[in-house]
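*Asks:* Okay, sequence plus prediction incoming.
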Amino acid sequence: MAESHKLTKAAIGKIIDGVFKSIDKDPEANIVKLVDRASFFLKSMFPAENIDKIKNGMRDPDNIYRQYAFDMVNDVDKNILKTMLLALGVDAAMYGTKTVRENRDKYDCNIPWLILMDPTSACNLKCVGCWAAEYGHQQNLSYDELQSIVDQGRELGVHFYMMTGGEPLIRKDDIIKLCENNQDCAFAAFTNGTLIDQKLCEEIRRVGNFALALSIEGTEESNDSRRGTGAYNRTIAAMDLLHKNKCLYGISVCYTRLNDAYVTSDEFLDNMVAHGAKFGMYFNYMPVGHAADPALIPTPEQRKYMYSWIRKTRNSKTGKRMFVFDFQNDGEYVGGCIAGGRRYFHINSAGDMEPCVFVHYSDANIRNTTILEALRKPLFMAYRRGQPFNDNHLRPCPMLENPDILRKMIKGTGAKSTDLLVEEDVDTLCGKCDKFALEWAPVAQEIWDNTPHKPSHTQYYRDRHPEYKPEN
């Protein structure tokens, strides 16, 4: 870390300490000061008009996000807030983003802002429709491999790492060690919550740069029908323990044809807010793995509902005191598909570097190829040349909504299946998506044509390289 970076971070850390003290004395008067100070480094991530909206919202007592800000300050440990603000705001946004952009031009390839990685394939649950449930305790990334991923990522400008699996917290001691040894990075993990205990909560408060996303899907009945009897109550108990210890956490929701009504109900969201969840990450069910059931893919009508629901739920007047986003239906805000290293990519527990957590194909492994080398190999370069895969960003995915594109990329690059149990041919995978893609296309186009869209705050490589225009 350069000396100027260290000095800037130290100075901002002192400012944050001062703001927190003033908020404790007079929250109503000083919450706007916190946002004003935070906007200094948020400007590298968000357009000025968005930051102005945030500032104005903090002055409006009826604004949901003003209430949300109070919840964050009151419910989350100050060391966690400060450490996350420094890691994500200074290291990732101010310095990391600049380095990422420089390296994109320098190496003429995608450079991500976030890396997903699987510490282990092992999981203590067997959830219906989850490919990880099929894998068993077969693969693990060693601690040295996890640290190497962070070291390589940092050199490229990456300061944010999320862990999937398997159940990442099976490796919680190594994860805490990783957080402790890399305080300039933020870490998060998707978890079923069953391995959260008091000791882990204390460790999360100590390191400060680790957040959790707990998997839960609606009511006890709808949740346990997929995750097993008792899973709902164990997850709620974990939330209550995290809340008591002032840890930062949210929820991860896979919405399907069967549970969409449950996971979007006011009752469900109000319950999650009451239990302390601060964010909600929603994922459209993807039919990945040999046992996947295409019948669980939400219908076009359900997907259309999710589009309007997510916007209502985020609205400053009609929304909830929890920031919610939908990776599929929020494509217009990020310029379509963010995979293939454009904003993120995935490393599985066998070390295979995959373009997406849902696209289990690879032409590089972390054990014999560097991250930068993988980003310049045929598969990731095919993503770069093709993005965005559709000018309608409600059809962002090259698998679910544009399956012929994924077929072409996998066959054209020679990438191999990375399924840890049964190799899945790309025609088999995409064949499970063809029907939805065909039915969703006209619905998505109707929404797109009748909804105003602002230019997304993003970077299209094909704007600078006309030869990258996809053939779709």
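*Replies:* That came in fine, so what should we check first?
*Asks:* Now name the helix or strand holding the residue lying closest to Leu269 once chain neighbours are set aside.
*Replies:* Excluding its sequence neighbours, the residue lying closest to Leu269 (Cβ to Cβ, 6 or more residues apart in numbering) is Lys320, at 4.9 Å. All C-beta atoms are positioned from the backbone trio N, CA, C, and that covers glycine. Counting by DSSP states H and E, no helix or strand carries Lys320.
*Asks:* Which helix runs longest in this structure?
*Replies:* helix 3-25 (DSSP state H).
*Asks:* Enumerate every residue touching the residue nearest to Leu269.
*Replies:* Going by Cβ atoms under 8 Å, 6 or more residues apart in numbering, Lys320 touches Ile64, Leu269, Asp270, Val273, Thr313.
*Asks:* If we use 6 Å, what do you get?
*Replies:* Leu269, Val273, Thr313 (Cβ atoms under 6 Å, 6 or more residues apart in numbering).
*Asks:* Now render the residues you listed as CSV, adding distance to Asn140.
*Replies:* Listed next are these as CSV, based on distance: Cβ to Cβ, whole Å:
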residue, distance to Asn140
Leu269, 36
Val273, 36
Thr313, 37
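*Asks:* need the residues you listed in TSV with distance to Glu102 and secondary structure, can you?
*Replies:* Listed next are the contacts of Lys320 as TSV, based on distance: Cβ to Cβ, whole Å; DSSP: H, G, I helix; E, B strand; the rest coil:
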residue	distance to Glu102	secondary structure
Leu269	40	helix
Val273	40	helix
Thr313	37	helix
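*Asks:* which residue ranges form the helices in the stretch 351-472 of the chain?
*Replies:* Shown for the stretch 351-472 of the chain, the helices assigned by DSSP state H, counting those that start in this stretch span residues 371-375, 378-386, 403-413, 426-431, 434-449, 461-464.
*Asks:* And the contacts of the third one?
*Replies:* Contacts with helix 403-413, where a contact means Cβ under 6 Å, 6+ apart, come from Tyr361, Pro378, Leu379, Ala382, Phe389, Pro398, Met399, Val426, Cys430, Cys433, Asp434, Ala437.
*Asks:* Could you rank those by neighbour count and give me the top one?
*Replies:* Within the contacts of helix 403-413, Pro398 tops the neighbour count with 33 neighbours, counted by other Cβ atoms under 10 Å.
*Asks:* I'd like to know how far that residue sits from Gly335.
*Replies:* Distance, Pro398 to Gly335, using Cβ to Cβ, to the nearest Å: 14 Å.
*Asks:* Show me the domain layout of this protein.
*Replies:* Annotated domains of the chain cover 3-76, 109-472 [automatic domain parsing].
*Asks:* I'd like the mean pLDDT over the first one, please.
*Replies:* Taken as a whole, domain 3-76 has an average pLDDT of 79.
*Asks:* what's the first-to-last distance across it?
*Replies:* This stretch, domain 3-76, spans 30 Å end to end (Cα to Cα, to the nearest Å).
*Asks:* Strands of the protein, residue ranges please.
*Replies:* For the chain, the strands defined by DSSP state E occupy 114-117, 160-163, 186-191, 210-215, 249-255, 279-284, 323-326, 344-347, 353-354, 361-362, 416-417.
*Asks:* Could you tell me how many residues sit around Glu220?
*Replies:* Neighbours of Glu220 under the rule other Cβ under 10 Å: 15.
*Asks:* shouldn't it be in contact with Asn233?
*Replies:* No: here Glu220 lies out of contact with Asn233, judged by Cβ atoms under 6 Å, at a distance of 7.0 Å.
*Asks:* picking up where we left off before, can you put the strands of the chain in TSV and add distance to Leu86?
*Replies:* Shown next, in TSV, are those (distance: least, Cβ to Cβ, whole Å):
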stretch	distance to Leu86
strand 114-117	17
strand 160-163	13
strand 186-191	9
strand 210-215	14
strand 249-255	19
strand 279-284	19
strand 323-326	20
strand 344-347	21
strand 353-354	28
strand 361-362	34
strand 416-417	40
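*Asks:* Is Thr219 in contact with Val263, as I believe?
*Replies:* No: counting by Cβ under 6 Å, Thr219 does not reach Val263; the two are 9.1 Å apart.
*Asks:* neighbour count winner among the two?
*Replies:* For Thr219 versus Val263, the count of surrounding residues by other Cβ under 10 Å is larger for Val263: 24 against 18.
*Asks:* Looks like that one contacts Cys254 (just checking).
*Replies:* No: in this structure, Val263 is not within contact of Cys254 by Cβ under 6 Å, at 8.5 Å.
*Asks:* related to what we said a few turns ago, now for the longest helix of the chain, which elements pack on it?
*Replies:* helix 27-42 (3 or more Cβ pairs under 6 Å, 6 or more residues apart in numbering; DSSP states H and E).
*Asks:* what do you get if the cut-off is 7 Å, keeping everything else the same?
*Replies:* helix 27-42, helix 78-84 (3 or more Cβ pairs under 7 Å, 6 or more residues apart in numbering; DSSP states H and E).
*Asks:* Render the CA-only coordinates of stretch 235-250 in CSV, please.
*Replies:* The C-alpha trace of stretch 235-250 is given here as CSV (Å, rounded to 0.1, in the frame of the first residue of the first chain):
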residue,chain,number,x,y,z
THR,A,235,-31.6,-19.5,10.7
ILE,A,236,-33.9,-17.2,12.8
ALA,A,237,-31.9,-18.1,15.9
ALA,A,238,-28.7,-17.3,14.1
MET,A,239,-30.1,-13.9,13.1
ASP,A,240,-31.1,-13.1,16.7
LEU,A,241,-27.6,-14.0,17.9
LEU,A,242,-26.0,-11.8,15.2
HIS,A,243,-28.4,-9.0,16.0
LYS,A,244,-27.6,-9.3,19.7
ASN,A,245,-23.9,-9.0,18.9
LYS,A,246,-24.3,-6.1,16.5
CYS,A,247,-22.9,-7.9,13.5
LEU,A,248,-23.7,-6.9,9.9
TYR,A,249,-25.8,-9.3,8.0
GLY,A,250,-28.6,-9.7,5.5
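*Asks:* and it, which residues are buried?
*Replies:* 235-236, 238-239, 241-243, 245-250 (16 or more other Cβ atoms under 10 Å).
*Asks:* Nearest to Thr83, out of those: which one, please.
*Replies:* Nearest to Thr83 among the buried residues of stretch 235-250: Leu248, at 9.9 Å, using Cβ to Cβ.
*Asks:* and the gap between that closest one and Met84?
*Replies:* Leu248 is 7 Å from Met84, by Cβ to Cβ.
*Asks:* Let's see the pLDDT reported for Arg462.
*Replies:* So, for Arg462, pLDDT stands at 47.
*Asks:* can you tell which of the strands of the chain is closest to Asn368?
*Replies:* So among the strands of the chain, strand 353-354 is nearest, using Cβ to Cβ, at 10.8 Å.
*Asks:* what does that closest one contact?
*Replies:* For strand 353-354, contacts defined as Cβ atoms under 7 Å, 6 or more residues apart in numbering pick out Phe345, His346, Ile347, Asn348, His360, Tyr361, Ser362, Ala364, Asn365, Ile366, Ala374, Thr418.
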